[in-house]
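A.B. asks: this is a predicted model, with the sequence first.
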Amino acid sequence: MKRWFARSLTLAGLLMSAQTALAAQAYSMPGVDQLPDWSGVWESVGGTTFDLSTADPKGARAGTAGARQHPPYNAEWEAKYLANIAKVASGTLPDFNSYCGIPSGYPRILAMPETMEFVVRPEETWFLTENGPNVFRIYTDGRGHPPPDELFPTYGGDSVGHWEDDTLVFDTVGVKGEGYQLIDRTGAITSDAIHGVVRMRMISPGLIESKIVLDDPKAFTGPWNVTRQYRRLPPGQKAYEYACAENNRSKVGPDGFTLTLDTKGKVIDQPRK
């Protein structure tokens, strides 16, 4: 039985390798010298309200009382968003990103407040954010998403893409939704059915633009189109280590779970699933 199982694993591995190789042959990866120069340290433009174009009031900062944006929510999810906006105003909205050790996830990774770096290779692109732990991987070697029975939800989801000249186009599915992460501190959320497509390119020296299209059949009535930009900092800048948990003083409850505190230090429930 053990020998048969080991042989099965070997055959499965060979099959997957062959499928990946065929996929890579179908998609012609660019050479290193054909890729754009995204080196250096970058910062997001415009603050952390995810959709700056629908920020209400205009220029509203995520996390301030009454601030919101206008995703194309259906009635059920608009009500959920309004409930979160009320929690922001009362200082009782738990932000999963503040739990230390939990990644920011997708699509929040596209609007982080601290600096970030891009590592661009023909077969893969990484987003490395100073606010950790956040490593966002986009595979551009010709592979597709795993089959549905092998795709389990994670914070960042599963991203595959390709290059169209100087534009990185990537598709993201398999993302944890409501109850696990926020889009930003206005309290915006999505479901685990979210599907994103991003077109990312340098539009001028030192300025990258991401055109984001989000679909969520559970939460939205139509696509949510968002544009974000990132500017390159002057030469010599570096991304610093960000150890959120190092100064974490959150209390631990009798069940062993870390309790969440509001802005006044009062214990509020932490969602657990």
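C.D. replies: Arrived safely. Remember, predicted model here, so these are calculated numbers, not experimental data.
A.B. asks: against Lys176, how distant is the residue most central in space within the chain?
C.D. replies: The centre of the chain sits closest to Tyr106, judged by C-alpha atoms, centre = their mean, with a distance of 2.1 Å. Taking C-beta to C-beta, to the nearest Å as the measure, Tyr106 and Lys176 are separated by 9 Å. Where C-beta positions appear, they are placed from N, C-alpha and C, glycine not excepted.
A.B. asks: shared neighbours of the two, anything?
C.D. replies: Common contact partners of Tyr106 and Lys176 (C-beta atoms under 8 Å, 6 or more residues apart in numbering): 155, 157.
A.B. asks: and the strands in the stretch 151-273 of the chain?
C.D. replies: With DSSP state E, counting those that start in this stretch as the criterion, the stretch 151-273 of the chain has strands at 158-164, 167-173, 195-204, 207-215, 224-232, 260-261, 267-268.
A.B. asks: in CSV: the ones you listed, plus mean neighbour count.
C.D. replies: Output for these, formatted as CSV (neighbours: other C-beta atoms under 10 Å):
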stretch, mean neighbour count
strand 158-164, 20
strand 167-173, 19
strand 195-204, 17
strand 207-215, 17
strand 224-232, 18
strand 260-261, 19
strand 267-268, 13
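A.B. asks: centre of the chain to stretch 238-245, how far?
C.D. replies: 18 Å (C-alpha atoms, centre = their mean, to the nearest Å).
A.B. asks: buried ones in that stretch?
C.D. replies: Under the neighbour-count criterion of 16 or more other C-beta atoms under 10 Å, stretch 238-245 has Ala239 buried.
A.B. asks: show me the contact partners of that stretch.
C.D. replies: 41, 98, 100-101, 114-117, 128-132.
A.B. asks: let's see that with 10 Å instead.
C.D. replies: 40-43, 97-102, 114-117, 128-134, 233 (C-beta atoms under 10 Å, 6 or more residues apart in numbering).
A.B. asks: narrow those residues to just the buried residues.
C.D. replies: By neighbour count, with 16+ other C-beta under 10 Å, the contacts of stretch 238-245 hold 40-43, 97, 102, 115-117, 129-132, 134 as buried.
A.B. asks: now for those residues: which two are most distant?
C.D. replies: Taking C-beta to C-beta, the two most distant members of those are Gly40 and Ile102; they sit 27.6 Å apart.
A.B. asks: could you tell me the end-to-end distance of stretch 38-55?
C.D. replies: In stretch 38-55, first residue to last residue: 28 Å (C-alpha to C-alpha, to the nearest Å).
A.B. asks: cool, stretch 210-227 as well?
C.D. replies: End-to-end distance (C-alpha to C-alpha), stretch 210-227: 6 Å.
A.B. asks: chain center to it, what's the gap?
C.D. replies: Distance, centroid of stretch 210-227 to centroid of chain: 14 Å (C-alpha atoms, centre = their mean).
A.B. asks: what does stretch 182-199 give?
C.D. replies: Put simply, stretch 182-199 sits 8 Å off its chain's centre (C-alpha atoms, centre = their mean).
A.B. asks: and what of stretch 64-82?
C.D. replies: How far stretch 64-82 lies from its chain's middle: 19 Å, per C-alpha atoms, centre = their mean.
A.B. asks: tell me the buried residues in that stretch?
C.D. replies: For stretch 64-82, a neighbour-count test (16+ other C-beta under 10 Å) marks 67-69, 71-73, 77, 80-81 as buried.
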